[in-house]
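J.: coords please:
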Amino acid sequence: MPDNKVADMHRSEQRPQFWALSMRCCQLAGTVDISFFVIFLWLGSPILAWVNVISVAMYVYAYRAFRDHRNRLAIMLIRTEVLVHAALGTLLIGWDSGFHYFLLMFIPALFATMRQRSAWTLAICLWAYYVGMYVLMWFVDPLQPISANALLYVNIFNFTVVFLMFSYLTMFYVLTVTRAHRRLARMATTDPLTGLFNRRHMVELTEKLLAREQRQPGNLTLMLMDLDHFKEINDQYGHELGDRVLERVAALLREQGREQDFVGRWGGEEFLAVMPETDPVQAQAAGERIRAAVQAMDWQDVQPGLQVTLCVGITQLGEEESFSNAIARADRALYRGKAHGRNRVEQGDVGDLDSTLVDQPA
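T.: Okay, here's the model as predicted:
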């Protein structure tokens, strides 16, 4: 494969939205040039009319080049078309036709497709080209002038097209930046494997909730869950299957949770559910429901004979108690369930913090 095409494909992968927009702009520009063909035939300017036929052909070829990831060729065709078309339109019917407006469309494209230094260099060249055409028209009369009214209509048409295209480009970039910010925020707050909140975001959400609870006291219960024998699953069947187990269990936890609860991956095979307005009795029932649902999961399509269970440690956050203190208590309850045979739901109490489990089964 030629080096240029490899480079073009690499650029396409880097900015897929921009190149998709470029293809759309080819379609729009081709449509505008078809309109120009009709307009200039009607105005009695056949040279400009047939120039637009060539322009349409260039945009069609540029569109096909974009589709084949030959972005460099497509960009060269578009630049040539706009530069020549703007110059011809200006020379034939005058500066007041507004064909020079289309040169301004290059500016965002330059900085979106190349390095900053090269973009600035070409932007300065574009400025010189623009000013050169402007100065030239002081000394040269239009070669194929049209009436003042027709010139005004062409100017308004060109201005309207450029205005709409700039508006469209601005909207595109705003939406792209907004999506990028959302994607970054999602990456910063979610676990990439399970799609649940990550540990850091769970802490942030709980701290915000605690700040609110201080003003409006209410029951806040923590449910810490850990898959039983997960290390053995990884060792026996491989980490890829272990990841699939985590993904499916995470999906089940998401389905089982209430709207006001939030669930996250606490680390490894551990999950944490923070449950506002929930007392220990309600949390016990929820924990039993989740434990039974995990035990009842069908893994035949993943690994025949595979059985997955989990232990649940539940505790209620005390008044003026730190989040880390409550998590430690839930952790003690969780591993007490491990020590008592696994596949259990255990309630934590204050005494759990004063005891130490020498053996904490996986």
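J.: Tell me which helix or strand residue 271 sits in.
T.: strand 270-276 (DSSP states H and E).
J.: Parallel or antiparallel, which strands does that strand pair with?
T.: strand 220-227 (antiparallel), strand 262-267 (antiparallel) (DSSP bridges).
J.: in the shortest one, what's buried?
T.: Judged by neighbour count (16 or more other C-beta atoms under 10 Å), strand 262-267 contains these buried residues: 262, 263, 264, 265, 266. In short, each C-beta sits where N, CA and C put it, glycine included.
J.: Let's have those in TSV, adding pLDDT and distance to residue 304.
T.: What follows is the buried residues of strand 262-267, written out as TSV (pLDDT from 0 to 100; distance: C-beta to C-beta, whole Å):
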residue	pLDDT	distance to residue 304
262	90	34
263	94	29
264	94	31
265	94	27
266	93	30
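J.: Tell me the one of the residues you listed nearest residue 199?
T.: residue 266 (5.7 Å; C-beta to C-beta).
J.: and the closest residue to residue 241 other than its chain neighbours, helix, strand or coil?
T.: Distances taken as C-beta to C-beta, 6 or more residues apart in numbering put residue 303 closest to residue 241, at 6.0 Å, once the chain neighbours are dropped. What DSSP: H, G, I helix; E, B strand; the rest coil gives for residue 303 is coil.
J.: Equivalent analysis for the one 4 residues further on, please.
T.: Using three-state DSSP, the secondary structure recorded for residue 307 is coil.
J.: what's it in contact with, if anything?
T.: Residues in contact with residue 307, defined by C-beta atoms under 8 Å, 6 or more residues apart in numbering, are 295, 299.
J.: hang on, the earlier thing: can I get the strand holding residue 271 as PDB, trimmed to CA atoms?
T.: Coordinates of each C-alpha in strand 270-276 appear next as PDB, following Å, rounded to 0.1, in the frame of the first residue of the first chain:
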ATOM      1  CA  GLU A 270     -15.600  -6.600  44.700                       C
ATOM      2  CA  PHE A 271     -18.600  -4.400  44.100                       C
ATOM      3  CA  LEU A 272     -20.200  -1.700  46.300                       C
ATOM      4  CA  ALA A 273     -23.800  -0.500  46.400                       C
ATOM      5  CA  VAL A 274     -24.600   2.700  48.300                       C
ATOM      6  CA  MET A 275     -28.300   2.700  49.200                       C
ATOM      7  CA  PRO A 276     -29.900   5.900  50.500                       C
END
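J.: quick check: angle from the longest helix belonging to the chain to strand 262-267?
T.: Secondary structure of the chain per DSSP state H: the longest helix is helix 148-189. Relative orientation of helix 148-189 versus strand 262-267 (axes from the mean of the first three to the mean of the last three C-alpha atoms, to 10 degrees): 60 degrees.
J.: Going forward, count from 651.
T.: Done: numbering now begins at 651, and the last item shifts to helix 798-839.
J.: Could you list every helix and strand that helix 798-839 packs against?
T.: Counting contacts by 3 or more C-beta pairs under 8 Å, 6 or more residues apart in numbering; DSSP states H and E, helix 798-839 packs against helix 666-693, helix 849-865.
J.: Out of those helices, which is the most enclosed?
T.: Comparing these on average neighbours per residue, with mean count of other C-beta atoms under 10 Å, the densest one is helix 666-693 at a mean of 17.
J.: Show me what secondary structure element comes after that one.
T.: Going down the chain from helix 666-693, the next helix or strand is helix 696-717, by DSSP H and E.
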